[in-house]
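Chemist: Here's a sequence, model it:
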Amino acid sequence: MSLTGKSILITGASGFIGQAYVARFLQLGATVCAQVNTGEIPAHHNLTVIATDLSVAKSGNSLVQEALSRTGKLDFVINNAANQAILDPAQANRAEIELMMRINVDAPKEIIDESAKSGVSVVLNISSVEALNPRPGHEIYGASKAALDVLTRSASRAHAPMRVLGLRLGLIGRPGIDQAWPEGVAAWNAASPLGRYASAEEVVGVTEFLLSDANAWATGSTYDFDGGLGSNSW
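Modeler: This next block holds a predicted model:
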């Protein structure tokens with residue numbers, strides 16, 4: 001897949017998966033606009049870093065407008081940024097819940113709506129297996145991702161022919177995860193039919209297909225990329 005002459009906006013670009021996205025799409029020849037709140041990304045001549053706090057109302061709209069002003073056009077958008085705070089549903093306060101919903105649902109909707117006005121071909125929303133089966137402490141996070149899945153479906157109808165897709169991720173490994181979270185990794189491996197977690201590079205690989213012309217007849221779909229966990233209960 002060559003993306004020479006194409007441009008892409010990636011939110012949450014300083015995170016683990018976000019950085020993998022940035023590196024790969026630059027490698028493919030795309031002009032990349034990378035949204036960050038905190039963190040840094042190595043400089044590159046085809047990379048524009050945009051510092052935006054997505055907790056602020058209408059920041060999603062202004063982010064797309066800023067990306068357009070920098071690149072002249074946008075072909076693809078990946079809504080990758082997320083608030084993954086652990087919130088006890090019995091104790092979480094309204095401000096904590098609203099912040100999570102703001103970043104995980106409201107900001108992506110703003111970005112989708114603004115993208116539809118701006119000639120974007122495909123928006124990909126990064127969801128989670130916890131939209132379907134959240135772990136304790138992740139119930140509100142799971143609810144936010146379930147809302148994002150519904151938004152993917154409804155926005156695909158509202159904004160056609162722009163395509164709106166989702167990618168529902170399972171456990172993605174990162175350096176040190178086996179040592180830092182051995183019980184979680186063991187539980188995941190036991191529950192997943194393929195018995196392992198994925199790499200960030202595998203996430204990027206399936207994303208390339210979802211954005212490509214080979215997938216041009218799909219919209220409104222959220223794809224499970226979870227090692228088969230969706231066929232079980234974790």
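
Chemist: Buried residues in stretch 211-229, which are they?
Modeler: For stretch 211-229, a neighbour-count test (16 or more other C-beta atoms under 10 Å) marks Leu211, Asn215, Thr219, Thr222, Tyr223, Asp224, Phe225, Asp226, Gly227, Leu229 as buried. Any C-beta I mention is one placed from the backbone N, CA and C, and that applies to glycine too.

Chemist: what does stretch 138-151 give?
Modeler: The neighbour-count check on stretch 138-151 (16+ other C-beta under 10 Å) flags 138-149, 151 as buried.

Chemist: In strands, which of these appear?
Modeler: Secondary structure defined by DSSP state E assigns none of the buried residues of stretch 138-151 to strands.

Chemist: Let me know the closest of those to Asn125.
Modeler: Of all those, Asn125 sits closest to Leu148, with 5.4 Å by C-beta to C-beta.

Chemist: Might you report the residue contacts of the closest one?
Modeler: Contacts were defined as C-beta atoms under 8 Å, 6 or more residues apart in numbering; by that measure Leu148 touches Asn79, Asn104, Val105, Pro108, Asn125, Ser127, Ala131, Gly166.

Chemist: now the end-to-end length of stretch 46-56.
Modeler: The first residue of stretch 46-56 is 27 Å away from its last residue (C-alpha to C-alpha, to the nearest Å).

Chemist: now swap in stretch 101-111 and tell me
Modeler: Across stretch 101-111, the terminal residues are separated by 14 Å (C-alpha to C-alpha).

Chemist: ditto for stretch 22-38
Modeler: Start-to-end span of stretch 22-38 (C-alpha to C-alpha) is 16 Å.

Chemist: if we look at that stretch, which residues are touching it?
Modeler: Residues outside stretch 22-38 that contact it (C-beta under 8 Å, 6+ apart): 1-14, 18, 41, 44, 46-54, 63, 66-67, 70-71, 74, 81, 201, 204, 208.

Chemist: Could you pick out the buried ones from these?
Modeler: Members of the contacts of stretch 22-38 classed as buried by 16+ other C-beta under 10 Å are 3, 6-14, 18, 41, 47-50, 52, 54, 63, 66-67, 71, 74, 81, 204.

Chemist: circling back to that earlier point, of the buried residues of stretch 138-151, closest to Gly195?
Modeler: Comparing the buried residues of stretch 138-151 against Gly195 with C-beta to C-beta places His138 closest, at 22.1 Å.

Chemist: Longest helix in this structure, please.
Modeler: Longest helix in the chain, counting residues (DSSP state H): helix 139-158.

Chemist: heading toward the C-terminus, what's the first helix or strand past that helix?
Modeler: For helix 139-158, the following helix or strand on the C-terminal side (DSSP states H and E) is strand 163-169.

Chemist: and the next helix or strand after that following strand, what other elements does it pack with?
Modeler: With elements assigned by DSSP H and E, the helix or strand that comes after strand 163-169 is helix 177-180. With contacts taken as 3 or more C-beta pairs under 8 Å, 6 or more residues apart in numbering; DSSP states H and E, helix 177-180 sits against no other helix or strand.

Chemist: And helix 177-180, what's buried?
Modeler: Of all the residues in helix 177-180, those buried under the rule 16+ other C-beta under 10 Å are Ile177.

Chemist: Can I get that helix as PDB, trimmed to CA atoms?
Modeler: Below are the C-alpha coordinates for helix 177-180, written out as PDB (Å, rounded to 0.1, in the frame of the first residue of the first chain):
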ATOM      1  CA  ILE A 177       3.900  -6.100  29.700                       C
ATOM      2  CA  ASP A 178       4.600  -9.700  30.700                       C
ATOM      3  CA  GLN A 179       6.500  -8.600  33.700                       C
ATOM      4  CA  ALA A 180       4.300  -5.600  34.700                       C
END
